[in-house]
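A.B. asks: below: sequence and its predicted model.
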Amino acid sequence: MNIWKISLQNLKSKPLYTLLSILTLTLSFTLLLGVQQLKTSFKYQMDNNLGEIDLVVGAKGSPLQLVLASVLHLDSPTGNIRYEDALKLAKNPLIKSAVPISYGDNYKGFRIVGTTKAFLALYNSELQEGRHIKNTMEVVLGNSIAKRLDLNIGDTFLSSHGFMEHAIETHNETFTIVGILKPTQKVIDRLIVTNLESVWNVHTHEVELENELHHHEESIDKEHDHDQKGYNSKEITSLLLTSRKPSALLTLPRKINTQTNMQAILPKFELEKLNQYTGVGFNTLSWIAYFILVVSGITIFISLYKMITERSFDLALLRTYGASNVQLIKIVAYEGLIITLFAVILGITLTNLGLYYLLGTLEQNYQYAVLNHLAYKDILLTLKLVLIAVLLSILLAVYPILKMNISTILSHEK
Amino acid sequence: MLRTENLTFKYTQQLEALRFPDINLKTHENLLILGESGVGKTTLLHLLSGLLKPVTGKIFIQGVPINTLTQRKLDAFRGQEVGLVFQKSYAIKTLNVIENLSARLFFSKTTVNIEDINNLLNQLGLKDCKNNNINELSEGQLQRLAIALAVVHKPKVILADEPTSSLDDNNCKIVMELLVKQAKQTHAHLIVITHDHRVKPFFKNAITL
């Protein structure tokens, strides 16, 4: 026999109250943890994927769209810019590094990004196996893709046009997998990386095919010429820039925005705005969770207080057995803690299940894992909050024990 | 040994303090305290068990002056050396028979071997309802469980407050015989406080309040 057992038997003797206490506490714990988790994940994704990118240059349009497309690889790009213009911009002495990216195709919903080797450096991404891209039409795969689609080095695939998974239009050029990247927990895990030429290759052939159909006779003579012209008119989606000094971020965007037909966006600023928009929703959810936590605290308080007042004779009896006041308080406190334990276990399970479900739907829509595993730190933080609420209920409930007059209780119950 | 000197007690709303005659019990001696309702029988019992503190006077159990003990020590002393039996037999309702006994031992920090517990349950005719819940017990079984709870930890003093008042003659006899027997077995003083004159034959010493 010990105090835990007595508390447990007490809880068993009032199953409905116990269930209600556990349920409300679980609900608030789950909500708090879920919101915290979503917040942390969003922030992590934004901060992490931003890396050292200070500036994104792309076609004019929605700034947020440009950032979402070029940094988080979520939205469609705003349009294309000329590679020539991008190269000119990259030569600016204020620019430390410039990484061009070019979109256009996907394989089973995963985006194929034409870029340079510097792109991998943005995410500190390293090869897990295979080698880097040497030739056109070679790709390295982000880790999640390799796992999900069960692709290996040497495998080949055909790309589909656009970003939709089930696009009907398929290109004829075959991509060959030459490397697989280590997992990074960043967006690159879900990208298929190739060089710029491969992306252009797929699309110029398309142009050529069209040319061939229309001007069949001339095309053979002009092939070389066409290539030359093609290179000059090559386009990319956007340019990711890292600056040498922070002050460049003040002057450069204005210059680009006014003097070219491109726009330069500070991704940090745009993502911060996005964070604020989503923050309103998160905050509302948080307040609901806090409210439920208060209700849960009150439920636990009532349950414990009721036990103490209704079963004061039992408690007085325990005192005659030699139990101290502290032991009686422990009986009550352990009841609260057992409820908390159940609620926490249930809450963590529910949060995991809930987020797993949410993650499932998100992945289908965006092929993009927005969520990480539950952070230990988050659980601890939420646990602290819940514990404070429960301890407060316990403290309020045990007050009658301190005021208890055993003699009176024992003689009056006759 | 149990001894009291000049015990008085006063409830806050009372004008006059209650005065109790001195008690002096030698080893193996039992005592019957008779009195009508309202003369302070239960108060005396609560004083003897340390549940109330006297206004004046001293109480010695086995030579220990219990009214000078700190609350914590008094709780522990009461748990180990005193066994209480109430008029309405009470046990913890959320625990079954054997769990009640082990809770009793847990809080008094005493260990008793399982044979002794089984013997006790045998003698009190509770062997077959060891694992029954409290609400499954009959009135008689409950009364016997109350006795078991008062003696299982082998106390030095067994204090019974009106243990027979709600029982018929036959059960009254059974309960008194059991109490006397258990007190003898554990070498404890048995002090019964009652207005029930049927218990007189079981005692050599008696005082009337």
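C.D. replies: Ah, there it is.

A.B. asks: burial measure for the residue in chain A that chain B sits nearest to, as a count.
C.D. replies: Proximity to chain B, evaluated over chain A using CB to the nearest CB, is greatest for A:Gly322 at 1.4 Å. Every residue, glycine included, has its C-beta placed from N, CA and C. When neighbours are counted by other CB atoms under 10 Å in any protein chain shown, A:Gly322 registers 24.

A.B. asks: again with A:Ala118
C.D. replies: For A:Ala118, the count of nearby residues is 13 (other CB under 10 Å).

A.B. asks: what residues does chain B have near chain A?
C.D. replies: Selection of chain B residues close to chain A by CB under 8 Å from any CB of the partner chain yields B:42, B:46, B:49, B:51-52, B:71-72, B:75-76, B:78-80, B:82, B:84, B:86-88, B:90-95, B:99, B:102-109, B:149, B:162.

A.B. asks: please see if whichever strand or helix holds A:Ala316 touches chain B.
C.D. replies: Taking DSSP states H and E as the criterion, A:Ala316 maps to helix A:312-320. Yes: judged by CB under 8 Å from any CB, helix A:312-320 and chain B are in contact via A:313-314, A:317-320.

A.B. asks: list the contacts of the residue lying closest to B:Leu142 once chain neighbours are set aside.
C.D. replies: Nearest residue to B:Leu142, sequence neighbours excluded (CB to CB, 6 or more residues apart in numbering or on different chains): B:Ser89, at 4.3 Å. Contacts for B:Ser89 (CB atoms under 8 Å, 6 or more residues apart in numbering or on different chains) come out as B:142-143, B:145-146.

A.B. asks: adding secondary structure and distance to A:Ala289, write these out as TSV.
C.D. replies: Below are the contacts of B:Ser89 laid out as TSV (DSSP: H, G, I helix; E, B strand; the rest coil; distance: CB to CB, whole Å):
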residue	secondary structure	distance to A:Ala289
B:Leu142	helix	47
B:Gln143	helix	52
B:Leu145	helix	47
B:Ala146	helix	49
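
A.B. asks: just put those in TSV and tack on pLDDT.
C.D. replies: TSV is the format used below for the contacts of B:Ser89 (pLDDT from 0 to 100):
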residue	pLDDT
B:Leu142	87
B:Gln143	86
B:Leu145	91
B:Ala146	89
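
A.B. asks: now, which of the residues you listed sits nearest B:Leu167?
C.D. replies: B:Gln143 (6.9 Å; CB to CB).

A.B. asks: pull out the buried positions in stretch A:405-414.
C.D. replies: A:406-407, A:409-411 (16 or more other CB atoms under 10 Å in any protein chain shown).

A.B. asks: likewise stretch B:172-183?
C.D. replies: The neighbour-count check on stretch B:172-183 (16+ other CB under 10 Å) flags B:172-176, B:178-180, B:182-183 as buried.

A.B. asks: JSON lines please, covering those residues and showing distance to A:Lys268.
C.D. replies: Formatted as JSON lines, these follow (distance: CB to CB, whole Å):
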{"residue": "B:Cys172", "distance to A:Lys268": "89"}
{"residue": "B:Lys173", "distance to A:Lys268": "92"}
{"residue": "B:Ile174", "distance to A:Lys268": "87"}
{"residue": "B:Val175", "distance to A:Lys268": "84"}
{"residue": "B:Met176", "distance to A:Lys268": "88"}
{"residue": "B:Leu178", "distance to A:Lys268": "84"}
{"residue": "B:Leu179", "distance to A:Lys268": "84"}
{"residue": "B:Val180", "distance to A:Lys268": "89"}
{"residue": "B:Gln182", "distance to A:Lys268": "82"}
{"residue": "B:Ala183", "distance to A:Lys268": "84"}
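
A.B. asks: would you tell me which helix is longest in chain B?
C.D. replies: Ranked by residue count, the top helix of chain B under DSSP state H comes out as helix B:169-185.

A.B. asks: tell me the mean pLDDT for it?
C.D. replies: Averaged across helix B:169-185, the pLDDT comes to 88.

A.B. asks: so which elements touch it?
C.D. replies: With contacts taken as 3 or more CB pairs under 8 Å, 6 or more residues apart in numbering or on different chains; DSSP states H and E, helix B:169-185 sits against helix B:114-123, helix B:139-151, strand B:157-161, strand B:189-194.

A.B. asks: sorry, back to before: gap between the residue nearest to B:Leu142 and B:Leu137?
C.D. replies: Taking CB to CB, to the nearest Å as the measure, B:Ser89 falls 9 Å from B:Leu137.

A.B. asks: need the overlap of contacts for those two.
C.D. replies: Common contacts of B:Ser89 and B:Leu137 (CB under 8 Å, 6+ apart): B:Leu145.

A.B. asks: name the residue of chain B that lies nearest to chain A.
C.D. replies: Taking CB to the nearest CB, chain A has its nearest neighbour within chain B at B:Gly79, 1.4 Å off.

A.B. asks: and that residue, how many neighbours?
C.D. replies: 25.

A.B. asks: so it touches B:Ser108, yeah?
C.D. replies: Yes: counting by CB atoms under 8 Å, B:Gly79 does reach B:Ser108; the two are 3.6 Å apart.

A.B. asks: common neighbours of the two, please.
C.D. replies: Taking CB under 8 Å, 6+ apart as the contact rule, the neighbours common to B:Gly79 and B:Ser108 are A:321-322, B:153.

A.B. asks: does B:Ile27 count as helix, strand or coil?
C.D. replies: Quick fix: residue B:27 is Thr, not Ile. Following DSSP: H, G, I helix; E, B strand; the rest coil, B:Thr27 is assigned to coil.

A.B. asks: next up, the contacts around it.
C.D. replies: By CB under 8 Å, 6+ apart, the contact list for B:Thr27 reads B:1, B:187.

A.B. asks: now it: phi and psi?
C.D. replies: Here is the backbone geometry of B:Thr27 (degrees, to the nearest 10): phi -50, psi 140.

A.B. asks: go on, A:Arg131?
C.D. replies: phi -140, psi 170.

A.B. asks: how many neighbours does it have?
C.D. replies: Using other CB under 10 Å: A:Arg131 sits among 11 other residues.

A.B. asks: for it, give me the pLDDT.
C.D. replies: Listed pLDDT for A:Arg131 reads 91.

A.B. asks: what comes up buried for the lengthiest strand in chain B?
C.D. replies: Criterion DSSP state E: the longest strand present in chain B is strand B:2-9. Applying a neighbour-count criterion of 16+ other CB under 10 Å, one finds B:2-4, B:7, B:9 buried in strand B:2-9.

A.B. asks: give me the sheet partners of it and which way each runs.
C.D. replies: Sheet pairing of strand B:2-9 (DSSP bridges) gives strand B:18-19 (antiparallel), strand B:24-25 (antiparallel), strand B:56-61 (antiparallel).

A.B. asks: list the strands paired with the helix or strand just after the last one, with their directions.
C.D. replies: From strand B:56-61 onward toward the C-terminus, using DSSP H and E, the following helix or strand is strand B:64-65. Sheet partners assigned to strand B:64-65 using DSSP bridges are listed as strand B:56-61 (antiparallel).

A.B. asks: what pLDDT, on average, does the strand it pairs with get?
C.D. replies: In this model, strand B:56-61 has a mean pLDDT of 91.

A.B. asks: before we move on, what about stretch A:101-112?
C.D. replies: 85.

A.B. asks: report the buried residues of it.
C.D. replies: Residues of stretch A:101-112 classed as buried by neighbour count (16+ other CB under 10 Å): A:101-107, A:109-112.

A.B. asks: can you pull the contacts of A:Met404?
C.D. replies: Listed by CB under 8 Å, 6+ apart, the contact set of A:Met404 reads A:312, A:315-316, A:319, A:325.

A.B. asks: could you dump the residues you listed into TSV with neighbour count, distance to B:Asp128 and pLDDT added?
C.D. replies: TSV is the format used below for those (neighbours: other CB atoms under 10 Å in any protein chain shown; distance: CB to CB, whole Å; pLDDT from 0 to 100):
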residue	neighbour count	distance to B:Asp128	pLDDT
A:Ser312	20	32	88
A:Leu315	23	29	90
A:Ala316	22	29	89
A:Arg319	24	30	89
A:Asn325	16	37	89
